[in-house]
Every structure is written in C-alpha cells, then in structure tokens.
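mind folding the following:
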Amino acid sequence: MTPPVAELGADLEMAVRRVAGSRAEIAGVHRAPNPYASVSPSEVVSVELATGERVAIFVKHLGEEQRSHPDKRLREREVRVYGELLGDRDLPVARFLGSGRDKATGRRRLFLEYVDGWSLKYRDLNHWYTAARRLAHLHLAFAREADRLLERDFLLRLDSDYVLAWAGRALAAVSSLSAEQASRLRRTVDDLEVVAELLAAQPPTLVHNDLAPKNVIAATSAIPGRTCIVDWEMAGVGCGLLDLTHLMYGLPPREVGRMLDLYRRELAGTGLMPSGEEGKRLLAACRLHGALYRLAHADVWGLPLERVGEWIAESEELDREVAR
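I've put the predicted structure just below:
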C-alpha cells in the first residue's frame, strides 16, 4: 500500500524540480503502481506541471521486505548508493532525484527518473551486448575510485570471508535436503580457500551483486537507446566480473563468449579483466561463487534434488578449473 499523494508532498516537489527546474509548479499528479515490482512496492508518478508539460518519476518504497536475507538487512543501502555514488554521472543508471521518509510507515522513499523500457529478459541479444559494454564502463569508473568505495561502510565487502560465508550457507541448505548431496558439496566447500582468495585479490570496484537480467532495463524510447541497471540494494565492493557472470548465467556458450569478449575489450589494459589462463581461472571462480549462492537457496526455492545435483556437479567442475 503506497501513501496518499499528500504524503509525497515536499519529497515529490524536490524531485520534480530536479528534473524541470527550481521554478516548476505542480498542477496535478497521477499515480500508478508498478505491476512488475517483485519485492518492495513501487510506482510511477506522472506529474503535470503548470506549463502543461509532464514529468514521470519512479518511486520505490523501501521497507523490511526480505530482511532475513544476509545481504538485504541494511535498508539504507540503495538510497545511499544512488545519493553518494551514482549521482548525475554518465553511468548506466537512472538519474537520482532524491529520497525521503514516510512518517506514518517509516519506509524510506527513493525517487528516480522513470526509464521507459523493458528488462533484458524481453530484449534481443544486441541489448545484452550493449549491457556488457556499459557494465565494463561502470566497473572501470569505480575502479579508479577504489579508496572512495572502501570508505563507504554501507557497501558489502565481497572479500574472502563473504565468499566462504555463502559457501557455508550452501552447505547448510543442501544438508537440509540430502545428506548424500551435502557430502559431495562439502568437498568443494572445504577446498574453497583458493577461490575465495583469488576473488578477493582482484582490483576492487562497485559491484551490483544481483545483476539478473530483470535488473537491467533497456530503454528504447530515446535515441540512442539507454541501458539502466536498477535495484542496488545488495551493492558491494569487490571483483566486477561477478556481475557479468551473474548476468550471463543460462545463456548459450556462443552468447557468453561474445559478452565476455565485449566486456574484456572495454577493459583492455586496465588490469580489471585478465586474459589467458588467469582470466579463465577468474571466470571459473566467479561462476563457482554464483553456483554456491544459488545452492544456498535450494531449500527456500524448493529445488528438486536432481537440480541440486546438477549444480553441485557444476561446482565440482568449476573448482577443478580454478585449480588448474
């Protein structure tokens, strides 16, 4: 349930003036719930100005949803990522227009430019390729500001402890489903120090950390089209390739290779994406972390044991690739 228009008052006015100028006057407001909101409620607010122009603003209402998730306990994170890091820079994100708090519910409100488009799930591969390039631009921009990122206590630290913690959760989740499968997985988890250290040793950058295709909006209403990464509530500092491997998960090998090549080209000579055998080992380490993250949700997602076994087999093979 979203608050009445009056409750958006000063916060909405501030957001509108960031878009339309300090003298903009609101003549009318129309609100429509976002039908694609998955967890936190959100809406599109269409504002009619006294001049007759219209401004569309996306409003996200942040509460306690999924607070049990280890990476979603800090509800201020997304607001602070937009307000302190993403700003008005040339990055693949929606423009930050401000934030506020609903006094009645205690929810934080995040005001963003409304981006008219569809997620990558519904776009052709050319949009995926553009997303890979733009992701590289974002990672490069923040790799140059690593010290600034490390000063931000609201960002998750995607270090070796983080990787090992998710491996432990994977083992616990699988153990609740099958002692036999857990015994298999334990061998990989007990051997994970090399993987954790490899990921922790990479040059740090800003990592979205939940870059599923649904969290990348391809906007084509403007020319040229834009790519906007959304939902930064799990953002951290660490190895940027973790984002790309998450985004590519499930794609055919040919498309994966193309996206890797595009990402690598944008980062050539920066040290963010090693080549050769070192690059292959790093890719395997990122994919292994992703597999363990998925296994950590095996019980909650109600996965069949057959699928759990497939992911464990994938983890074993990736572990061998890192060890080569």
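
what's the neighbour count on Ala254?
Wrong residue type there; residue 254 is Arg, not Ala. 9 (other C-beta atoms under 10 Å). Heads up, the C-betas are built off the backbone N, CA and C, glycines and all.

equivalent analysis for Ser22, please.
By other C-beta under 10 Å, 6 other residues sit near Ser22.

try the one 10 residues further on
Taking other C-beta under 10 Å as the neighbour definition, Ala32 ends up with a count of 10.

that one: what's it in contact with?
Glu43, Val44, Ser46 (C-beta atoms under 8 Å, 6 or more residues apart in numbering).

which strands border the helix or strand containing it, and is each parallel or antiparallel?
Ala32 belongs to strand 26-33 when assigned by DSSP states H and E. Sheet pairing here is set by DSSP bridges, and for strand 26-33 it gives strand 42-49 (antiparallel).

can you mark which positions in the partner strand are buried?
Buried residues in strand 42-49, counting neighbours by 16 or more other C-beta atoms under 10 Å, are found at Ser42, Glu43, Val44, Val45, Val47, Leu49.

what does stretch 153-173 give?
155-156, 158-160, 162-164, 166-167, 169-171, 173.

and the end-to-end length of stretch 106-121?
End-to-end span of stretch 106-121 (C-alpha to C-alpha, to the nearest Å): 33 Å.

could you find the closest non-adjacent residue to Leu192?
Ala167 (5.2 Å; C-beta to C-beta, 6 or more residues apart in numbering).

helices and strands around the helix or strand where that neighbour lies, which ones?
Here Ala167 sits within helix 160-175, counting by DSSP H and E. Other helices and strands packing on helix 160-175, by 3 or more C-beta pairs under 8 Å, 6 or more residues apart in numbering; DSSP states H and E, are helix 179-190, helix 193-200, helix 276-295.

quick check: mean pLDDT of that helix?
Across helix 160-175, pLDDT averages out at 98.

show me the contacts for Thr188.
Thr188 is in contact with Ala167, Leu288, Leu292, Ile312, Ser315, Glu316, Asp319, counting by C-beta under 8 Å, 6+ apart.

biggest separation within those residues, which pair?
Ala167 and Glu316 (13.2 Å; C-beta to C-beta).

contacts only, for Leu292.
Listed by C-beta under 8 Å, 6+ apart, the contact partners of Leu292 are Trp166, Ala167, Ala170, Thr188, Val189, Ser315.

now the residues you listed in CSV, with distance to Asp71?
Shown next, in CSV, are these (distance: C-beta to C-beta, whole Å):
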residue, distance to Asp71
Trp166, 9
Ala167, 15
Ala170, 14
Thr188, 22
Val189, 19
Ser315, 20
